[in-house]
Each structure stands twice: as C-alpha cells, then as structure tokens.
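Novice: Any chance you can model this:
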Amino acid sequence: MSRLISERICDNHRFNELNHGAKLCYLLLYLWTDVAGNVPADLLFVRRNCFPQQKTMKTTYIQDWLDDIVRVGLASYFLASDGQRYVHFEKFEQFQKNLKGAPKYPTGGQKLHPQDDG
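Specialist: Numbers count the residues shown, from 1 in each chain. All right, here's what the predicted structure looks like:
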C-alpha cells in the first residue's frame, strides 16, 4: 500500500533535528506502516525491510535512529498487549486519510520512552 509524504517534511523543524541516517530511516520505515501508522520496533524487521542490502549494518545504528525519531516527537514507542514494542508515527492519520482496512499491527498500549527496554 502506498504512502504519501508531503514535501513540507523538508521544512519540518523536528525532521531537521535528525541526522541523515535517522531521516532516511524515518522515510523508509514510514513506507512499512499499517493503516493506523504503526510498525514493529524490532530492529531486525527494520533492517530487513528498510535496508535489505545492508546485511552488515549494525542494529545499534537503527536503535539510535529510532530513538532520535521518537525524541524529536515524530513518532512514539508503545508496548502492545502482545508484548512487542511498536513505533507509532505521530499525526499519521492527518496525512494518510484514504487508507482503508484493518490495522496489521496492534494499536495502542503502554507508551514507552526511548530508554525503556519494554
């Protein structure tokens, strides 16, 4: 399912607080969200789907990028009832109005901070 990202993201002060790696991670992970703006925060999932040709990429880079994305307020972490950690892209519903169907991943749960292990 396709996702639209407005060109206004380039002027977003939160987005511009991110380093280049975190910006790329944000844009690529956005493509994997379900209709509710959620995606697993599993580092191997992110590497496999967003960086499939980078098999030696350290997951610590990905964790740092995700933490930065959450820190600036573009996304949040939550612990779902299935015991897994997810990323929710903030204001997703505002920008992705025409998506239909049921969410693929759990929605809502205990909000986590970047330093929380979950």
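
Novice: remind me which residues of this structure are low pLDDT?
Specialist: Residues of the chain meeting the criterion pLDDT under 70: 1-4, 6, 92, 94-97, 99, 115-118.

Novice: all strands of it, in order?
Specialist: For the chain, the strands defined by DSSP state E cover 38-40, 75-79, 85-89, 110-112.

Novice: could you redo those strands as JSON lines and give each row distance to Gly21 and mean neighbour count?
Specialist: Just so you know, the C-beta spots here come from the backbone N, C-alpha and C atoms, and that holds for glycine as well. Output for those, formatted as JSON lines (distance: least, CB to CB, whole Å; neighbours: other CB atoms under 10 Å):
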{"stretch": "strand 38-40", "distance to Gly21": "17", "mean neighbour count": "22"}
{"stretch": "strand 75-79", "distance to Gly21": "15", "mean neighbour count": "20"}
{"stretch": "strand 85-89", "distance to Gly21": "16", "mean neighbour count": "23"}
{"stretch": "strand 110-112", "distance to Gly21": "22", "mean neighbour count": "13"}
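
Novice: Ok, which of the ones you listed comes nearest Leu28?
Specialist: Closest to Leu28 of those is strand 38-40 (CB to CB; 10.6 Å).

Novice: picking up where we left off before, in CSV, list the strands of the chain along with distance to Gln53.
Specialist: Below are the strands of the chain laid out as CSV (distance: least, CB to CB, whole Å):
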stretch, distance to Gln53
strand 38-40, 20
strand 75-79, 24
strand 85-89, 22
strand 110-112, 30
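
Novice: Let me know which of those is the nearest to Trp32.
Specialist: So among the strands of the chain, strand 38-40 is nearest, using CB to CB, at 5.0 Å.

Novice: for that closest one, packing partners?
Specialist: In terms of contacts (3 or more CB pairs under 8 Å, 6 or more residues apart in numbering; DSSP states H and E), strand 38-40 is packed against strand 85-89.
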